[in-house]
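Student: What would the 3D arrangement of this be:
(chains A and B)
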Number of protein chains: 2
Amino acid sequence: MSKQRPTIADVAHRAGVSKGAVSFALNGRPGLAQATVDKILAAADELGWRPSNRGRSLSVSKAFALGLVITRDPAVLSSDPFFPAFIAGVESVLSSRGQALVLQVVMAGEEEEAGYRRLAQDARVDGVFLSDLRHDDPRIPLLEELGLPAVTLNRPDGTSPFPAVILDDRPGTAAVVEHLVELGHTRIAHVGGPPAFVHATARSTALLSTLAAAGLEPVAVETSDFTAAGGIEATRRLLTLPQPPTAIVYANDRMAIAGLGAAQAAGLTVPDDLSIAGFDDSELAEYVHPGLTTVRADPFAFGEAAARTLNLVVDGATDVPDAELPPAQLVVRRSTGAPPSLGSPSPA
Amino acid sequence: MSKQRPTIADVAHRAGVSKGAVSFALNGRPGLAQATVDKILAAADELGWRPSNRGRSLSVSKAFALGLVITRDPAVLSSDPFFPAFIAGVESVLSSRGQALVLQVVMAGEEEEAGYRRLAQDARVDGVFLSDLRHDDPRIPLLEELGLPAVTLNRPDGTSPFPAVILDDRPGTAAVVEHLVELGHTRIAHVGGPPAFVHATARSTALLSTLAAAGLEPVAVETSDFTAAGGIEATRRLLTLPQPPTAIVYANDRMAIAGLGAAQAAGLTVPDDLSIAGFDDSELAEYVHPGLTTVRADPFAFGEAAARTLNLVVDGATDVPDAELPPAQLVVRRSTGAPPSLGSPSPA
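Tutor: So this is what the prediction gives:
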């Protein structure tokens, strides 16, 4: 390009604002009305102003990027409905600020730790999202050591210096159990997620305490791995119990849909012989036959709230409060109904 | 940190290699054995050597990152099995070179173009992956204008200066049709993806030409949008035709699984009354009842090959050849069987 590069003063003139406002807007700092930010970004675009990360980073020491390290086996990740919607929500906030999302998919253990260290040491990101919290999560002290700002998705069970964005799974899970109890079920089983995850434990605990409040104990509790293969194995174990359940509550839709297939393959009619409920309200939940009773969260809104909260921290705010989203809600479809024989156990 | 920062010479000494080799490894340039690269990266880690992107970028003008702009409605994206597995494959290559993946999720149109312009102008990435190619894809001239290196996932229909990574959908699609014809089906319908996509058209064209080679015409061809909701609507239209099909081939598993639910909800038994086939071999395909006949690609390997090829371009190689992966394969499960009444049309 032979043309002289436009300056911040040019952008300010074009947008009809102060140079300070341009600097605020182009550095993604808060305090301007969104309409002003939009006007400034439009003027910068029209002039072909190049923000030059290098220049921006040298002047304000920022990467203008946030990081997400997903610790999952790619096979497990590939049909998880949460992350794409969560990422889309994050992007909806980042794109208006000219920020980028840096993504890593790693296996647990050394590779995970190395992932965070690399993001910090390369100064690639200004902060990270901590998802899939685990009990005594080693990433919290790691990020403190690295000095990398973070938000946690839901609250960790230990102490944490980071604000949390909260979408409570428990009321929805409790509502599933109450719905089954109202239908007359007394023989309810549970297929939970890996107990290392805080969210898996939260769902299982909510289920058990709601059962207990109704004076019931679970027929059986299987722990599985959120995969369809794991869900089908757990279902087969439950269906071959001497006294099988009349209802199974799964910790996610994928295991529930696989369980529905397993029950049908075993000759059972859902819900006449067996009621099935999931968690996620993933896209297919509505369309399998019968439609799946489940619990609906809003991962897009979760992503938006997490990005807004992390940006407050990155912008230097202190005492950023936790952000609380509306809790997940019960969605009743046709996969749940009255038990086959009210009050008495099913035939073995 | 008060300690003096380790230098490249320190890393070379520790790893027992030349400073040149360290520079090659830390700059992610090709030409070293993977074991040597691993040894150097381990030595750099042990010494706490900080690669400092800023320094690296100033010295070699690289972002050490690749970009992926996904142009999809978040709702459509959220249960797509392709991207998470593709991204995991990309990461498996990037992480060994200390590269990052910068991800954007955008809507088609202005937002998409702005996404690519931002990546280029901010010098955030050294190259990008072009997925979901469209006919006369506007992104190809855009990237040429921006001077941003790229690889395309499959070959575009116009001219392109970029190498392509190819996973041919057509033989698998043809194999589905041949399988149905062998079973005795003559009344086959198709639910395709959006015709703007090159891959959707490729699958539909392969289906039609295989049918034609067998002397058949499709009962009907519905174009849909790859979503479960779209799949179910198309299925309902097909099932209420005066002469409904005895087999439906869908362009992805999501539409096929929704179609299976729609058929069952209409009182049909699959495959006795209707055969159903998908495309993807997504995780649930094996576990729905009956298991879904489908076509299996390998998006993880696709991601690996795309990252390797893009890195060749980014490293400055000229005339990088296209990379061709094994084509997608037919997987026969129980959702396909003989038609209800060989040789004669189904009752209306």
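Student: Give me the contact status of the helix or strand harbouring residue A:231 with chain B.
Tutor: Assigned by DSSP states H and E, residue A:231 belongs to helix A:228-239. Yes. Applying C-beta under 8 Å from any C-beta of the partner chain, one finds helix A:228-239 touching chain B at A:228-229, A:231-232. Yep, even glycine has a C-beta here, placed from its N, CA and C like the rest.
Student: In those, which residue is surrounded by the most others?
Tutor: Greatest neighbour count in the residues of helix A:228-239 next to chain B, by other C-beta atoms under 10 Å in any protein chain shown, goes to residue A:231: 31 neighbours.
Student: I figured that residue hits residue A:259, correct?
Tutor: Yes. At 5.1 Å, residue A:231 counts as touching residue A:259 under the criterion of C-beta atoms under 8 Å.
Student: residues shared between the contacts of these two?
Tutor: Common neighbours of residue A:231 and residue A:259 (criterion: C-beta atoms under 8 Å, 6 or more residues apart in numbering or on different chains): A:191, A:250.
Student: In the residues of helix A:228-239 next to chain B, find the pair that's most separated.
Tutor: Across those, the longest distance by C-beta to C-beta is 7.3 Å; it joins A:229 and A:231.
Student: Mind listing the shared neighbours of those two?
Tutor: By C-beta under 8 Å, 6+ apart, the residues touching both residue A:229 and residue A:231 are A:258, B:287.
Student: and the stretch 201-348 of chain A, which of its residues are near chain B?
Tutor: So the stretch 201-348 of chain A meets chain B at A:227-229, A:231-232, A:254, A:257-258, A:260-262, A:264-265, A:282-284, A:286-291, A:299-300 (C-beta under 8 Å from any C-beta).
Student: now do 6 Å
Tutor: Residues of the stretch 201-348 of chain A found near chain B, taking C-beta under 6 Å from any C-beta of the partner chain as the criterion, are A:228, A:232, A:257-258, A:261, A:264-265, A:282-284, A:287-289, A:300.
Student: Outline the domain layout of chain A.
Tutor: Following automatic domain parsing, chain A resolves into domains at A:8-59, A:65-167+A:299-326, A:170-297.
Student: Quickly, which of those domains bottoms out on average pLDDT?
Tutor: Lowest mean pLDDT within the domains of chain A: domain A:8-59, a mean of 68.
Student: quick one, helices of chain A?
Tutor: A:8-15, A:19-26, A:34-47, A:53-60, A:74-77, A:82-94, A:110-121, A:139-146, A:170-183, A:198-213, A:228-239, A:253-265, A:299-314 (DSSP state H).
Student: Packed most tightly, which of the ones you listed would that be?
Tutor: helix A:253-265 (a mean of 27; mean count of other C-beta atoms under 10 Å in any protein chain shown).
Student: which outside residues touch that helix?
Tutor: Contacting residues not belonging to helix A:253-265 are listed as A:191, A:224, A:228, A:231-232, A:235-236, A:250, A:270, A:274, A:276, A:278, A:280, A:282, A:285, A:288, A:292, A:294, B:284, B:287-289 [C-beta atoms under 6 Å, 6 or more residues apart in numbering or on different chains].
Student: Of these, grab the buried ones for PyMOL.
Tutor: The PyMOL selection below is limited to those of the contacts of helix A:253-265 classed as buried (16 or more other C-beta atoms under 10 Å in any protein chain shown):
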select buried, (chain A and resi 191+224+228+231+232+235+250+270+274+276+278+280+282+285+288+292+294) or (chain B and resi 284+287+288+289)
